[in-house]
Each structure stands twice: as C-alpha cells, then as structure tokens.
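Student: Need a 3D model of the sequence below.
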Amino acid sequence: MKDQKSIQLPNNDSCAFCAYLSGERPFSFVYKGKMVSILVTREQRGCPHTLVIPNRHVETILDVTEEEAGKLAIAVRDIAKAIESEFKPKGITIWQNNGVPSSQSIAHVHFHVAGTLETGGTDWGDVPELPLEETEDIANKLRPLFSSYSL
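Tutor: Numbering: from 1, shown residues only. Sure thing, here's the model as predicted:
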C-alpha cells in the first residue's frame, strides 16, 4: 500500500498520549502493555469513556502495523466487554478519527470506547474535564478484568 500523505493532521507541538505513556503527565490507565494501552479519558463523553492506543507513536490508522492493528482490535473488544460487565450501559459506542476534518485532535491514533449515556449516545459537546481522582475510580473498577492481560 502506498504511503498516505493527504490526511491533514492536527498541529500538536508534542504528543499528549506519548507524554502519558512516558509518565511525563499523569493519566489514568486501565492497562499498559508492551504494544497497546487503555486509558480513561478525563473528558467523559460516555459512561464510562476510555481510549485504546498503540504505545508506539502512530499518527493515523493508516500507519499501524498488522500486529498493532490486531492488538488494538482485541483491546477495543475487551474494554467494551469490561465496560458492559462493570457499568451495564444500554449500548456501547466505538469511534476513531483520522485527520482534522474528521475531528482528530491529537495526532496519535486512538480508539474511543464508551458506554452510552442514560439518554442514549454520547456527548459530542463540551464536557468538563474530570479530576484524576475520578478517572482513577473508573480505572479501578475496570483494572481487575485486565489483571492477566498481555498485549
């Protein structure tokens, strides 16, 4: 497949996800593996709202390796199962954006996995940023389901 150059990426001075992965900036992790990590976002657009990311800095889905693609898909499925098990939402929403026109705001590929709100869907408007203590509470409910996980 030829190298894609048409995607207009967000202009990030530094990668927030890479800063979270390195420990430079605090963030709530449900799971941190060799290739893939699962985070609880501070902007809760669902109940709850998590992110699945490759640990390697990869800007779009077009750039992930086959091995990363497989591990990302497994992690997306498994966090969806964990959300269903622990939070019992009426539905689960999964989305992934590539490029500014599709609303990508951080140039590091990431999958959103969120339980739907009581009223249905997820919140696409402005949502308050939760304190780390609250996202840790969410992560603590989900972590036990990943105790023997290996991705």
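Student: List the contacts of I92.
Tutor: A80, I83, E84, V113, A114, G115, T116 (CB atoms under 8 Å, 6 or more residues apart in numbering). Placement of C-beta: from N, CA and C, glycine included.
Student: Next, format the residues you listed as a markdown table and append neighbour count.
Tutor: What follows is the contacts of I92, written out as a markdown table (neighbours: other CB atoms under 10 Å):
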| residue | neighbour count |
| --- | --- |
| A80 | 20 |
| I83 | 26 |
| E84 | 13 |
| V113 | 26 |
| A114 | 27 |
| G115 | 23 |
| T116 | 17 |
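Student: Looking at the residues you listed, which is nearest V127?
Tutor: Nearest to V127 among the contacts of I92, counting by CB to CB, is A114 at 11.2 Å.
Student: Return the set of residues that bridge with that closest one.
Tutor: As for beta bridges, A114 partners with H49, T93 under DSSP bridges.
Student: Verify the contact between it and T122 for me.
Tutor: Yes: applying CB atoms under 8 Å, one finds A114 in contact with T122, separated by 5.2 Å.
Student: Show me whatever sits in contact with both of the two.
Tutor: By CB under 8 Å, 6+ apart, the residues touching both A114 and T122 are R45, G46, H49, T93.
Student: ok, back up a step: turn the contacts of I92 into CSV, columns for distance to N140 and pLDDT.
Tutor: Formatted as CSV, these follow (distance: CB to CB, whole Å; pLDDT from 0 to 100):
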residue, distance to N140, pLDDT
A80, 18, 98
I83, 14, 98
E84, 17, 97
V113, 17, 98
A114, 18, 98
G115, 16, 97
T116, 22, 97
